[in-house]
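Visitor: Kindly return the folded structure for what I paste below:
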Amino acid sequence: GAIASFVPPTSGLSPATVYTAKITSAVKNLDGSAIAKDTTWTFTTANVVPRVITTDPTKAATLVPLNKTVSAIFSVAMNASTITNSTFTLKNGAVSVIGVVAYSGTTATFNPNNDLLSNTVYTATVKAGIKNTNGTPLAKDTVWTFTTATVLAPTILFTDPVDQDQNVTLSQNVTATFSEAMDNTT
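Guide: Now for the predicted structure:
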């Protein structure tokens, strides 16, 4: 027909990039007449603003395991050097959790140095200072909260001899039975 089009590769055009398109006078109509002159034009693609598309745990999640690694998945590849302990944080109220931040593919992770506290609300924040590979920062902070699972402390179910027992033999083994398996080094 009367329209010529160029279909970009499956990866699409690069963001924030100036492109030049050109149609030369070698192009002819059905009668064999060439266009009068080459036509050239330029355009600039949009600068893609990155965003967090998924978090783990999700916003308002409950019963989160105490050994959870928190993660954020971005819409585009990010500049790993901008994803640090100051731009990806985890807090219990005003108390910062100490952990290791890492980035791979499109996923940033925050791995706490110690297990999280039981039945506690945590706030994760991915700050707007994080930038994509083209230098474009997130438009705003992404903040979400989640609550860890309640872990019941172990209890002693019974003892032998029992409390206040009298006339216990001198060779008696003294035992305590717990409600769950225990760490024998403690």
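Visitor: Show me where this protein dips below the pLDDT cut-off.
Guide: By pLDDT under 70, the chain has no low-scoring segment.
Visitor: in it, which residue is closest to the centre?
Guide: Residue closest to the average C-alpha location in the chain (C-alpha atoms, centre = their mean): residue 72, at 1.5 Å.
Visitor: Which helix or which strand is home to that one?
Guide: strand 70-74 (DSSP states H and E).
Visitor: elements contacting that strand?
Guide: Identification of packing neighbours for strand 70-74 by 3 or more C-beta pairs under 8 Å, 6 or more residues apart in numbering; DSSP states H and E yields strand 52-56, strand 107-112, strand 121-126. Every residue, glycine included, has its C-beta placed from N, CA and C.
Visitor: Helix or strand: which one has residue 103?
Guide: Judged by DSSP H and E, residue 103 forms part of strand 99-104.
Visitor: Give me the distance between that strand and the centre of its chain.
Guide: Centroid displacement of strand 99-104 relative to its chain, using C-alpha atoms, centre = their mean, to the nearest Å, is 9 Å.
Visitor: now swap in stretch 33-52 and tell me
Guide: On the basis of C-alpha atoms, centre = their mean, stretch 33-52 sits 34 Å off its chain's mean C-alpha point.
Visitor: just stretch 156-175 next, same as before
Guide: On the basis of C-alpha atoms, centre = their mean, stretch 156-175 sits 53 Å off its chain's mean C-alpha point.
Visitor: quick one on the thing from earlier: was I right about the residue nearest to the centre of the chain contacting residue 105?
Guide: No. Contact criterion C-beta atoms under 8 Å: residue 72 and residue 105 do not qualify, at 11.9 Å.
Visitor: ok, now how distant is the residue nearest to residue 37 when sequence neighbours are not counted from residue 42?
Guide: Counting by C-beta to C-beta, 6 or more residues apart in numbering, residue 25 is the residue found nearest to residue 37 once chain neighbours are left out, at 5.8 Å. Separation of residue 25 from residue 42 (C-beta to C-beta, to the nearest Å): 19 Å.
Visitor: Over to residue 76?
Guide: Distance from residue 76 to residue 42, by C-beta to C-beta: 24 Å.
Visitor: now the strands for the protein?
Guide: 18-23, 39-44, 52-56, 61-64, 70-74, 88-92, 95-96, 99-104, 107-112, 121-126, 142-148, 156-160, 175-178 (DSSP state E).
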